[in-house]
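Engineer: need a 3D model of the sequence below.
(one chain, ligands or ions: 3)
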Amino acid sequence: MEGIIIKGIGGFYYVLCDEKIYECKARGKFRHVKLTPMVGDEVSFDLEEDTGQIINIHERKNFLIRPPVANVTKAFIVTSLINPNINIDLLNNYILICNHYDIEPIVCFNKMDLIENSDEYAFIAIMLNKSDIGYLFIEAKNDHGLDPMKNMLKDNLSILCGVSGTGKSTIFNKLTGDDFMDVGDLSEKITRGKNTTRHCQLASAYDGYIVDTPGFSSLSFDLSKMEIRDAFKEFKKYERDCKFRQCFHYKEPSCAVKKAVEDGELSKERYDFYVNKIENSRRK
Ligand SMILES: Nc1nc2c(ncn2[C@@H]2O[C@H](COP(=O)(O)OP(=O)(O)OP(=O)(O)O)[C@@H](O)[C@H]2O)c(=O)[nH]1
Ligand SMILES: [Mg+2]
Ligand SMILES: [Zn+2]
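Structural biologist: Numbering: from 1, shown residues only. Ligands and ions are numbered 1, 2, ... in the order given. The predicted structure is shown next:
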């Protein structure tokens with residue numbers, strides 16, 4: 001039988017197949033090759049009485065380590081503009097990771113009820129427009145703006161990611177109709193000093209799957225200069241006009257990407273972030 005792992009707890013994996021959930025164990029052979037089944041894995045399993053045996057893990061499209069999820073196709077990067085304040089560097093880091101893993105990023109500006117003036121986000125919207133990155137404005141708490149998100153779930157495995165306290169679990173609960181993830185009070189969370197969301201579990205919603213994840217206030221990852229460059233997808237359509245075929249759009253002369261930034265076609269903010277990443281990349 002074929003299914004998808006929606007949850008893993010204490011060596012048991014819960015596999016969804018034809019709207020039923022089967023409790024499965026992993027075959028010993030996976031341990032020998034240091035392969036651990038993950039949430040999001042598409043698997044073949046045999047059923048023996050009540051418990052199943054996972055016999056094959058299909059090749060992963062990608063996988064994230066924190067949170068551990070495989071085959072992610074879309075990421076809703078949930079951010080508020082205030083409470084907590086937006087951190088554009090962190091937002092760009094999330095976008096970078098998504099593009100690196102070939103996950104489509106969609107920026108969700110939540111808590112729009114707290115915003116009175118479009119000046120507060122206009123410059124970020126311009127940055128995203130120039131970079132071909134999709135975004136939505138929502139008020140999860142008041143059920144506003146969630147319909148476009150629902151339509152985007154179909155046939156995707158989506159994750160909700162972003163800084164702690166931005167409303168990921170609130171959105172998750174609205175989309176899934178479940179409330180097995182805790183929604184925490186921001187002030188309470190600060191005093192306890194930890195994230196509310198600890199589990200990692202796939203839920204079905206609107207013909208797709210969605211995962212809530214705990215918020216991180218920083219992201220540590222180490223990409224090579226080439227990986228960084230290739231994760232700036234908005235550069236692609238200019239690259240062929242660069243003088244050098246392997247141009248890094250950095251100190252090279254006759255660079256079409258730098259020209260597009262000067263002309264205001266590409267975002268200066270994103271480009272500055274890019275240069276900073278390239279200069280600080282410790283890998284070749
Ligand atoms: N004003 C306002 N508050 C919201 C909105 N959506 C969520 N919140 C509040 O924001 C706080 C944090 O929400 P959560 O959903 O727990 O945030 P989270 O992103 O899951 O946080 P972590 O799990 O710690 O990463 C809660 O008090 C929510 O009620 C919104 O649209 N407007
Ligand atoms: Mg949460
Ligand atoms: Zn160039």
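
Engineer: find the residue at the geometric middle of this protein.
Structural biologist: By C-alpha atoms, centre = their mean, the mean C-alpha position of the chain lies nearest to residue 75, the distance being 3.3 Å.

Engineer: secondary structure element for it?
Structural biologist: Assigned by DSSP states H and E, residue 75 falls within strand 74-80.

Engineer: wait, does the one helix or strand residue 150 maps to contact ligand 1?
Structural biologist: According to DSSP H and E, residue 150 maps onto helix 147-153. No - using C-beta under 6 Å from any ligand atom, helix 147-153 stays clear of ligand 1, coming no nearer than 12.7 Å. (Each C-beta comes from the backbone N, C-alpha and C, glycine too.)

Engineer: that helix packs against which elements?
Structural biologist: Other helices and strands packing on helix 147-153, by 3 or more C-beta pairs under 8 Å, 6 or more residues apart in numbering; DSSP states H and E, are helix 168-176, strand 208-212.

Engineer: what lines up beside the shortest one in the sheet?
Structural biologist: Pointing back at strand 208-212 there. Here strand 208-212 is paired, per DSSP bridges, with strand 157-161 (parallel), strand 202-205 (antiparallel).

Engineer: in this structure, which spans are strands?
Structural biologist: 2-9, 12-17, 20-26, 42-48, 51-57, 63-64, 69-70, 74-80, 104-110, 134-137, 157-161, 202-205, 208-212 (DSSP state E).

Engineer: mind putting those strands in TSV, mean pLDDT and distance to ligand 2 included?
Structural biologist: TSV is the format used below for the strands of the chain (pLDDT from 0 to 100; distance: least, C-beta to the ion, whole Å):
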stretch	mean pLDDT	distance to ligand 2
strand 2-9	94	17
strand 12-17	94	21
strand 20-26	93	23
strand 42-48	93	26
strand 51-57	93	28
strand 63-64	91	16
strand 69-70	94	15
strand 74-80	97	9
strand 104-110	98	12
strand 134-137	98	18
strand 157-161	96	8
strand 202-205	92	13
strand 208-212	94	6
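
Engineer: so which of these is nearest ligand 3?
Structural biologist: Closest of these to ligand 3 is strand 104-110, at 22.9 Å (criterion: C-beta to the ion).

Engineer: what angle separates the closest one from helix 168-176?
Structural biologist: For strand 104-110 against helix 168-176, the angle by axes from the mean of the first three to the mean of the last three C-alpha atoms, to 10 degrees is 100 degrees.

Engineer: and residue 205, what does it touch?
Structural biologist: By C-beta atoms under 8 Å, 6 or more residues apart in numbering, residue 205 lies in contact with 150, 153, 175-177.
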